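>>> Sharing a sequence plus its predicted fold:
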Amino acid sequence: MRAMVYRGPYRVRVEEKDMPTIEHPNDAIVRVTCAAICGSDLHLYHGLMPDTRVGFTFGHEFTGIVEEVGSSVQSLRRGDRVMMPFNISCGACFFCARQLYSSCHNTNANATAAGGMFGYSHTAGGYDGGQAEFVRVPFADVNHAIIPEWMSEEDAVLLTDACPTGYQAAEMGDIKEGDVVVVFGAGPVGLFAAKSAWLMGAGRVIVVDHLDWRLQMARTFAHAETLNFTQVNDVVQHFKDVTDNLGADVCIEAVGAEADGAGFQHLATVKMKLQGGAPTALNWAIDSVRKAGIVSVVGGFGPLFSAVKFGDAMNKGLTIRTAQCSVKRHWPRLFQHVKNGVLKPSAIVTHRLALDEIAEGYHMMSSKLDNVVKPLVFPRAA
Ligand SMILES: NC(=O)c1ccc[n+]([C@@H]2O[C@H](COP(=O)([O-])OP(=O)(O)OC[C@H]3O[C@@H](n4cnc5c(N)ncnc54)[C@H](O)[C@@H]3O)[C@@H](O)[C@H]2O)c1
Ligand SMILES: [Zn+2]
Ligand SMILES: [Zn+2]
């Protein structure tokens, strides 16, 4: 089969690779019909995620058609149209029993920090991902939903990560009616966080980025106010000025390890690898939220420490909540929102590529070219 493979930092290409096989009776093999490139994939592409091996296939957001099922799979048949959460979970451990699927204790032998994920390096279990014609789905009974007839494939693929992650980001902010919510990052995750903040009762939503076309989408798709952080002297002071000197009630960090905005932080992280992520947006969030406010962090950071302003957070009495999204937990509610027309996740899709064009797709995402927000990839399997 054809699959995207990692060749080293900033180098990916499409190669012939062995077909995945059923390795356990509860596996399924899925023929991928649509996959997405995620902001999280850039951390792998840039060589910032430990143990990303040459030959590994990325892709944790995909939909497809069941090709084959293992002998103990109960709830799937060949031909079913399915979507997978980016988390791989066992469904039975302490964490899965509490719907904390991203913390599954059985699917990532390599670490106790996070559960398994599709296509996210050996740090996340070493499972080849879905930017390929076929993919193996472990614990297949647990890790899928049949795509309802009324749901488009492009909406479904956005529900495998970006949309539920934004939704969980807002949920972790424990937004009260009328709250001022500031979202750092106008990528897919930040856009969905802003949209979700309204659903949870926010009175004012402000999205921060420096890419004008993404801020434009924050205004049209998420109906938010926007701030281009390059156009103010001091982001934190700006939020004090617009909130009677109090600060925002809730700040959501949807930027992660590769934040721009403070050159030395970026240098210490991306170039010198001295810390596990440039916490520029996270520190802005800590400083921009009011005393006793909530900072919700879904931006991806590496396992190494980062220079986070923890003393300020402690003295202000902040609540900091953070997680890899437990995607499946949010599906029942999000499916309703999509069915009722409250949410149209695919509205943020900007590019549709063939699998053979995926290297260009990564380059475009990495360099933020051609007004990209969310590119989809369509492998055409024989
Ligand atoms: N927790 C989870 O489960 C989960 C799931 C998906 C993605 N993520 C992470 O969420 C983050 C966002 O994902 P995405 O797909 O939207 O990525 P993205 O790269 O498309 O978007 C990030 C945005 O942040 C902007 N930005 C950079 N520095 C900034 C700053 N200092 N202040 C404000 N904005 C800034 C960038 O211009 C970009 O538009 C990534 O770190 C990703 O790894 C986490
Ligand atoms: Zn993703
Ligand atoms: Zn589990």
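It's in. Numbering: from 1, shown residues only. Ligands and ions are numbered 1, 2, ... in the order given.

>>> number of nearby residues for the residue of the stretch 1-150 of the chain found nearest ligand 1?
At 1.9 Å from ligand 1, G39 is the closest residue in the stretch 1-150 of the chain, using CB to the nearest ligand atom. For every residue, glycine as well, the C-beta is placed using N, CA and C. When counting by other CB atoms under 10 Å, one arrives at 22 neighbours for G39.

>>> for it, what are its contacts?
Counting by CB atoms under 8 Å, 6 or more residues apart in numbering, G39 makes contact with 187-189, 256, 300, 365.

>>> just these now: which is nearest I65?
P188 (24.4 Å; CB to CB).

>>> per-residue pLDDT, the nearest residue to the closest one once chain neighbours are set aside?
In space, P188 comes closest to A162 once its chain neighbours are excluded; the distance is 3.9 Å by CB to CB, 6 or more residues apart in numbering. For A162, the model assigns a pLDDT of 98.

>>> for K17, same thing?
97.

>>> That one against F56, yeah?
No: contact between K17 and F56 fails when scored by CB atoms under 8 Å: they sit 10.3 Å apart.

>>> So between those two, which is more surrounded?
F56 (22 against 17).

>>> Excluding sequence neighbours, find me the nearest residue to the more buried one.
Leaving out its chain neighbours, the residue that sits closest to F56 by CB to CB, 6+ apart is Y6, at 4.9 Å.

>>> how much space is there between the one you found and ligand 3?
Y6 sits 27 Å away from ligand 3, going by CB to the ion, to the nearest Å.

>>> what's the answer for A268, then?
The gap separating A268 from ligand 3 is 35 Å, by CB to the ion.

>>> what residues are up against that residue?
With contact taken as CB under 8 Å, 6+ apart, A268 is in contact with 274-275, 278, 307.

>>> can we see that at 10 Å?
For A268, the contact set (CB atoms under 10 Å, 6 or more residues apart in numbering) comprises 262, 274-275, 277-278, 306-307.

>>> picking that back up, just the CA atoms from the helix or strand hosting the residue nearest to F56 would do, formatted as PDB, please.
If you go by DSSP states H and E, Y6 is part of strand 2-8. Extracted in PDB, the C-alpha atoms of strand 2-8 (Å, rounded to 0.1, in the frame of the first residue of the first chain):
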ATOM      1  CA  ARG A   2       1.000   3.700  -0.300                       C
ATOM      2  CA  ALA A   3       1.700   5.500   2.900                       C
ATOM      3  CA  MET A   4       3.200   8.800   4.100                       C
ATOM      4  CA  VAL A   5       6.600   8.000   5.900                       C
ATOM      5  CA  TYR A   6       8.900  10.200   8.000                       C
ATOM      6  CA  ARG A   7      12.400  10.500   6.700                       C
ATOM      7  CA  GLY A   8      13.800  12.900   9.300                       C
END
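
>>> which is the next helix or strand following that strand?
strand 11-16.

>>> how about the residues of this protein near ligand 1?
Neighbours of ligand 1 within the chain, by CB under 6 Å from any ligand atom: 38-40, 42-43, 161-162, 165, 184-190, 208-211, 214, 229, 254-256, 259-261, 280-281, 298-300, 324-325.

>>> three-state assignment of the residue nearest to V232 when sequence neighbours are not counted?
Counting by CB to CB, 6+ apart, V232 lies nearest to H238, which is 4.6 Å off, once chain neighbours are set aside. With DSSP: H, G, I helix; E, B strand; the rest coil as the basis, H238 sits in helix.

>>> Can you tell me how far the closest residue to ligand 1 within the stretch 201-350 of the chain is from D174?
Ranked by CB to the nearest ligand atom, the top residue of the stretch 201-350 of the chain for proximity to ligand 1 is G256, at 2.2 Å. Going from G256 to D174 by CB to CB, to the nearest Å gives 21 Å.

>>> Neighbour count for these two, which is higher?
Neighbour count, other CB under 10 Å: between G256 and D174, G256 has more, with 26 against 14.

>>> Identify the residues contacting that one.
By CB under 10 Å, 6+ apart, the residues touching G256 are 39-40, 42-43, 48, 184-185, 187, 189, 277-279, 281-282, 297-302.

>>> secondary structure class for it?
For G256, the assignment made with three-state DSSP gives coil.

>>> Show the pLDDT at it.
pLDDT, read off for G256, is 92.

>>> Going forward, the N-terminal residue is numbered 683.
Sure, I'll start numbering at 683, so the last one becomes G938.

>>> And the strands in the stretch 783-932 of the chain?
Assigned by DSSP state E, counting those that start in this stretch, the stretch 783-932 of the chain shows strands spanning 798-799, 816-819, 827-828, 862-866, 886-891, 907-910, 930-935.

>>> Starting from the first one, tell me which strands it pairs with and how they run.
Taking DSSP bridges as the criterion, strand 798-799 sits next to strand 769-770 (antiparallel) in its sheet.

>>> and the closest residue to C772 other than its chain neighbours, what does it touch?
Leaving aside its sequence neighbours, C772 sits nearest to N788 (CB to CB, 6+ apart; 4.0 Å). The contact partners of N788, by CB under 10 Å, 6+ apart, come to 770-778, 797-798, 820-821.

>>> right, and out of these, which lies closest to ligand 2?
I770 (13.6 Å; CB to the ion).

>>> And for that closest one, the neighbour number?
Neighbour tally, I770, other CB under 10 Å: 26.

>>> With the one 5 residues further on instead?
Here the number of neighbours of C775 (other CB under 10 Å) works out to 17.

>>> For T703, give its distance to A944.
On the measure of CB to CB, T703 and A944 end up 47 Å apart.
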